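# Let me see the structure of the following:
(one chain, ligands or ions: 1)
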Amino acid sequence: MIKRYLLAPGPTPVPPEVLLAMARPMIHHRAPEFDKLFGEVRDGLKWLFQTNGDVLMLAASGTGGMEASVSNFLSPGDKALTINGGKFGERWGKLCKTYGAQVTELKVEWGRAIDPQLVADSLKKDPGIKAVYVQASETSTGVAHDIKTLAQIVKGHPDTILVVDAITALGVFDIKTDEWGIDVVVTGSQKALMLPPGLAFVSVSEKAWRLAEKAKNASFYFNLKKERENQQKSQTAYTPAVSLIIGLQEVLKMLKAEGLEQVFGRQANLAMAMREGMKAAGLALLPKESPSDALTAVLAPEGVDGQAIYKNLRVQYGITAAGGQDHLKGKIFRLSHMGYMDRFDVIMAVAATEMVLKGLGHPVKLGSGVAKAQEILMAK
Ligand SMILES: *Cc1c(COP(=O)(O)O)cnc(C)c1O
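Residues are numbered from 1 along each chain as shown. Next up is the predicted model:
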């Protein structure tokens, strides 16, 4: 027998109480009981997003939410500024081009965060830029960009919106949508929100709605204006992912019971224990600055194939992690600590990494990383 553990940066484990809630008999989405469920979940999402604005739900993976955040706000020929510090930043550029936008891309070395001053300079040079697209947490590198500062910069430009992919950030660390002035925040169900894949969420500010009024790209399905009309009445334009919304009701209950500050505190402690545990085991991390609290990207030691580490974790020990993408393939492996995770998930990840490295002939003192992780987890 081999017991399986899911430590990939999405999909992430789903709590048993959420799985049970989703196993309840199907309900009809035009019946009163759905209205009640939807209204409750919609208000819970505002709490989670820290906004009084609209948070719209779409039946799609996270990329569907990203696509809606391009097609509803930009018209062909509009200028967009995209920040590309990894695989998902690159996706913003591809999406904007798909919808005919003129894209300026700020490339960031993989493993580093964007210098906000570069965004300030770009906007100053070209005030015609309609939207800035960035990740709060770039999952391919494990780096967090400074959203608070970026929001301050974009706020000074009345005709420019800030769109943040917070798919591995919202529910992990603080994203103050209204207070910081972020116009559009996108997330998905299968990362920090502890649900199966299939729901995307998009929050929209008044400034962004004004831009949407003028946009000429809106797609038929991902039509946020139409969704707003329906969702304000506790309905959706098309058949919603009913079971996932039932699961989300349970997730929101769990998060509220713990409290947002406590969730962020737990996530930060797990992240620190994972990072320091890996370092104490003699490993170096990919992020040169600003590591994301959602996941840890670890550099494979000289002479050891990162793909072999990731593969042996799964084959020998039943742990699903993730490898590196593109030029980082074979160079790194990634372990998630977001969502339904606790102290022993981190200890397991560090312990198994030590065992895999030793198995591959790399000199590592068993327990060195584990001991460090234990200390940090006990100090909380
Ligand atoms: C997972 C992820 C996405 C894409 O989500 P899908 O659900 O696979 O479409 C986008 N951005 C980030 C930062 C992610 O981690």
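
# is it true that residue 330 touches residue 323?
Yes - counting by C-beta atoms under 8 Å, residue 330 touches residue 323, with 7.4 Å between them. Glycine gets a C-beta too; all of them are placed from N, C-alpha and C.

# Kindly report the residues of the chain close to the ligand.
10, 61-63, 88, 135, 139, 165, 167-168, 188, 191, 197 (C-beta under 6 Å from any ligand atom).

# let's go with 8 Å and repeat that
9-10, 60-66, 88, 91, 135-140, 165-169, 186, 188, 190-191, 197, 200 (C-beta under 8 Å from any ligand atom).

# Just the ones of the residues you listed in helices?
Mapping the residues of the chain next to the ligand onto helices (DSSP state H) picks out 62-66, 88, 91.

# do you know how far the closest residue to residue 161 other than its chain neighbours is from residue 209?
Leaving aside its chain neighbours, residue 161 sits nearest to residue 183 (3.8 Å; criterion: C-beta to C-beta, 6 or more residues apart in numbering). Distance of residue 183 to residue 209, given as C-beta to C-beta, to the nearest Å: 9 Å.

# And residue 100, by the same measure?
21 Å.

# The two: which is more packed in?
Comparing residue 100 with residue 209 by other C-beta atoms under 10 Å, the one with more neighbours is residue 209, at 18 against 14.

# Let's verify that one: helix, strand, or coil?
At residue 209 the chain is in helix, as set by DSSP: H, G, I helix; E, B strand; the rest coil.

# Kindly report the same for the one 3 residues further on.
At residue 212 the chain is in helix, as set by three-state DSSP.

# Need the nearest residue in space to it, chain neighbours excluded.
residue 72 (5.1 Å).

# Can you lay out the ones in helices among the residues of the chain next to the ligand as JSON lines showing pLDDT and neighbour count?
Shown next, in JSON lines, are those (pLDDT from 0 to 100; neighbours: other C-beta atoms under 10 Å):
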{"residue": "62", "pLDDT": "98", "neighbour count": "26"}
{"residue": "63", "pLDDT": "98", "neighbour count": "16"}
{"residue": "64", "pLDDT": "98", "neighbour count": "19"}
{"residue": "65", "pLDDT": "98", "neighbour count": "26"}
{"residue": "66", "pLDDT": "98", "neighbour count": "27"}
{"residue": "88", "pLDDT": "98", "neighbour count": "22"}
{"residue": "91", "pLDDT": "98", "neighbour count": "20"}
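
# Which pair of the residues you listed spans the longest distance?
Using C-beta to C-beta, these span at most 14.0 Å, a distance reached by 64 and 88.

# residue contacts, whatever residue of the stretch 251-380 of the chain ends up closest to the ligand?
With C-beta to the nearest ligand atom, the shortest gap between the stretch 251-380 of the chain and the ligand falls at residue 294, namely 8.1 Å. By C-beta atoms under 8 Å, 6 or more residues apart in numbering, residue 294 lies in contact with 9, 137, 139, 142, 168-169, 172-173, 191-192, 267, 271, 336-338.

# Domain ranges for the chain, per the record?
16-257, 260-379 (automatic domain parsing).

# Compute the number of surrounding residues for the residue in the stretch 101-250 of the chain positioned nearest to the ligand.
Closest to the ligand within the stretch 101-250 of the chain is residue 139: 3.3 Å, counting by C-beta to the nearest ligand atom. Here the number of neighbours of residue 139 (other C-beta under 10 Å) works out to 27.

# so it sits right up against residue 296, yeah?
No - the pair residue 139 / residue 296 is not scored as a contact, 11.4 Å apart, by C-beta under 8 Å.

# okay, and the common contacts of these two?
Common neighbours of residue 139 and residue 296 (C-beta under 8 Å, 6+ apart) are residue 334.

# which element is residue 279 on?
helix 260-280 (DSSP states H and E).

# can you give me the strands for the chain?
5-6, 54-59, 79-84, 102-107, 129-135, 137-138, 143-144, 161-165, 184-188, 199-204, 295-299, 319-320, 322-323, 332-336 (DSSP state E).
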